[in-house]
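Q: turn this into a structure:
(one chain, ligands or ions: 1)
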Amino acid sequence: MLSEQTRRWQELDARHHFHPFTTHKELAEKGARIITRAEGCYVWDSEGHKILDGMAGLWCTQIGHGRERLARIAHDQIRQLDYYNAFFQCATPPAVELAAKLAQLLPPGMDRFHFVNSGSEANDTVIKSVWYYWNLMGKPEKKHFISRTLGYHGVGVGSASLTGMRFMHEPFDLPLPRFHHIGNPYPWIEGRGKDPAAFGLEAARWLEEKILELGPENVAAFVAEPIQGAGGVIIPPETYWPEVQRICRQYDVLLVSDEVICGFGRTGSWWGHETMGFEPDIVSMAKGLSSGYVPIAAVAFGRRVGDVIFAGEKEYAHGVTYAGHPVCAAIALENIRIMEEEGLGTRASGPIGAYFRERLTTLADHPLVGEVRTKGLLACVELCKDKATGELFQPVGKVGLVCRDLCVENGLVMRAIRDGMVLSPPLIVTEEQIDEIVTKART
Ligand code: PLP
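A: Residues are numbered from 1 along each chain as shown. Just a heads-up that it's a prediction; the model follows:
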């Protein structure tokens, strides 16, 4: 029996609240779970249930929930300067300091930043900046983007066109023209039964084939996540990224690393491209930048594109009201300071990442589990109908949703992507909490 307060919130929610990625009829029948409090790796709902946040919110709460220091910084910054913009030749100290800090964390030369509010806006900024760049370079025909069918890059009209999932395109008449999608370096599905190294090269060559089909003179950039998150924690074979980089260089195609999930220590180094071994021209970031405490995102430009844009005589006629918002930038800076002090940028590649892998791998003997894969503190446990053959459940995705709901009943947030059960806990997760994840996931 739910409390009166919960019922009231659920009724108001059902009547007035238009949720992201939700079938509202289904939600109205079930009623939303109302989350009211969070601390460390746990959240509590309005009925007092304590739930282990195995997804770090939505892949973002790197430093865990409820840090006093961030509350204090927000308070102090609001008292000092609540808001000013970066238009009309103005800047604020937190935005400038944050840009300089990010330049220290990224490889040399990747040192110019445009701030926005979300990952979607970051990737829309990527699209426009790349088009702007090729116009300045006198190659206005170089406008086509290539990304992947299970790549997720956001929901803006441009970023949703980069996103590859068809169910996100069809209801909205997307993608826009000039956006193209290739297959994924996904050994569990697309590389079934193949040698991983050979499959990595094969998957990279799909990019080359697409570039040749479109004509290299027409292709602006390849945009991809180092490890695909919302696509199902797809970890490419080691051969994939070096070959992708070689192909991009050969055909003069910009390489954009979408690090909205993989940035800020998630894969074991500060950046996913570091973990996977490639050098992008542009990096987009969000989520872990502020550990999700406030909305802030950024695009980092390496010298090749950054120098051209900075040298441009024409106005860079793009930017949002809250670009480099001083409160959000101050919180992001403090978040990064905490990450540095606690070694969270690389913690996932140390003993805790190894423990996470070791303990999750014990789930492989479960009759429903076909594969367990992890990188840093990212994981996917693939469920299937027949372990021996890897035959999937039909329709794909139904069993995953049942398991997701069972996990929440057990006090664990795991996300279902098709029939893959995905984890991305806060980077402060302890061994005991990893044990708790495994126990709750199994039962
Ligand atoms: N890019 C990637 C890789 C993402 O995972 C996401 C969100 O999950 C986005 C972009 C979009 O970010 P946002 O939801 O902040 O717009």
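
Q: which residue does the stretch 101-250 of the chain have closest to the ligand?
A: In the stretch 101-250 of the chain, the residue that lies nearest the ligand is residue 119 (2.2 Å; C-beta to the nearest ligand atom). C-beta coordinates here come from the backbone N, C-alpha and C atoms, glycine included.

Q: ok, that residue touching residue 288?
A: No. Checked against C-beta atoms under 8 Å, the pair residue 119 and residue 288 is beyond contact range at 10.7 Å.

Q: just to revisit the earlier point, how close does the residue of the stretch 101-250 of the chain closest to the ligand get to residue 144?
A: Residue 119 sits 22 Å away from residue 144, taking C-beta to C-beta, to the nearest Å as the criterion.

Q: higher neighbour count, these two?
A: Each of residue 119 and residue 144 has its neighbours counted (other C-beta atoms under 10 Å); residue 119 has more, 28 against 20.

Q: next up, the contacts around that one.
A: Residues counted as contacts of residue 119 (C-beta atoms under 8 Å, 6 or more residues apart in numbering) are 153, 154, 159, 258, 260, 284, 285, 286, 287, 297.

Q: so for stretch 237-247, what's the average pLDDT?
A: Stretch 237-247 comes out with an average pLDDT of 98.

Q: ok, residues contacting it?
A: Applying C-beta under 8 Å, 6+ apart, the contact partners of stretch 237-247 are 185, 187, 191, 196-201, 203-205, 207-208, 211, 222, 224, 226, 253, 255, 273, 276-279.

Q: at 10 Å instead, please
A: Residues from elsewhere that reach stretch 237-247 (C-beta atoms under 10 Å, 6 or more residues apart in numbering): 184-185, 187, 191, 194-211, 216, 222, 224, 226, 236, 253, 255, 257, 272-273, 275-280.

Q: could you tell me how far the helix or strand where residue 71 lies lies from the centre of the chain?
A: Assessed by DSSP states H and E, residue 71 sits inside helix 68-80. Centre-to-centre, helix 68-80 and its host chain are 26 Å apart (C-alpha atoms, centre = their mean, to the nearest Å).

Q: C-alpha coordinates for that helix, PDB please?
A: The C-alpha coordinates for helix 68-80 follow below in PDB (Å, rounded to 0.1, in the frame of the first residue of the first chain):
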ATOM      1  CA  GLU A  68      28.700  18.500   0.600                       C
ATOM      2  CA  ARG A  69      31.500  20.300  -1.200                       C
ATOM      3  CA  LEU A  70      29.500  20.700  -4.300                       C
ATOM      4  CA  ALA A  71      26.600  22.100  -2.400                       C
ATOM      5  CA  ARG A  72      29.000  24.600  -0.800                       C
ATOM      6  CA  ILE A  73      30.500  25.600  -4.100                       C
ATOM      7  CA  ALA A  74      27.100  26.100  -5.600                       C
ATOM      8  CA  HIS A  75      26.100  28.300  -2.700                       C
ATOM      9  CA  ASP A  76      29.300  30.400  -2.800                       C
ATOM     10  CA  GLN A  77      29.200  30.900  -6.600                       C
ATOM     11  CA  ILE A  78      25.500  32.000  -6.600                       C
ATOM     12  CA  ARG A  79      26.300  34.500  -3.900                       C
ATOM     13  CA  GLN A  80      29.400  35.700  -5.800                       C
END
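
Q: residues in contact with that helix?
A: 63, 67, 83, 92-94, 290-291, 293-294, 325-335, 337-338.

Q: let me see the mean pLDDT of whatever helix or strand comes next after that helix.
A: With elements assigned by DSSP H and E, the helix or strand that comes after helix 68-80 is helix 93-105. Helix 93-105 shows an average pLDDT of 98 in the prediction.

Q: in terms of secondary structure, what does the lowest-mean-pLDDT helix or strand in the chain contact?
A: One helix or strand of the chain scores below all others by mean pLDDT, DSSP states H and E: helix 24-30, with a mean of 92. Packing partners of helix 24-30 (3 or more C-beta pairs under 10 Å, 6 or more residues apart in numbering; DSSP states H and E): helix 4-16.

Q: helix or strand: which one has the residue of the stretch 251-400 of the chain with the smallest separation from the ligand?
A: Proximity of the stretch 251-400 of the chain to the ligand (C-beta to the nearest ligand atom) peaks at residue 260, 3.4 Å away. For residue 260, there is no host helix or strand (DSSP H and E).

Q: now for it: which residues touch it?
A: Residues counted as contacts of residue 260 (C-beta under 10 Å, 6+ apart) are 59-60, 118-120, 122-123, 152-154, 225, 229-230, 266, 272, 283-289, 297.

Q: OK, contacts around residue 433?
A: For residue 433, the contact set (C-beta under 10 Å, 6+ apart) comprises 40, 41, 42, 52, 53, 54, 356, 425, 426.

Q: quick one: it and the ligand, what's the gap?
A: 23 Å (C-beta to the nearest ligand atom, to the nearest Å).

Q: so for the strand or helix carrying that residue, what gets flagged as buried?
A: Element membership for residue 433, per DSSP H and E: helix 431-442. Buried residues in helix 431-442, defined by neighbour count with 16 or more other C-beta atoms under 10 Å: 433, 434, 436, 437, 438, 440, 441.
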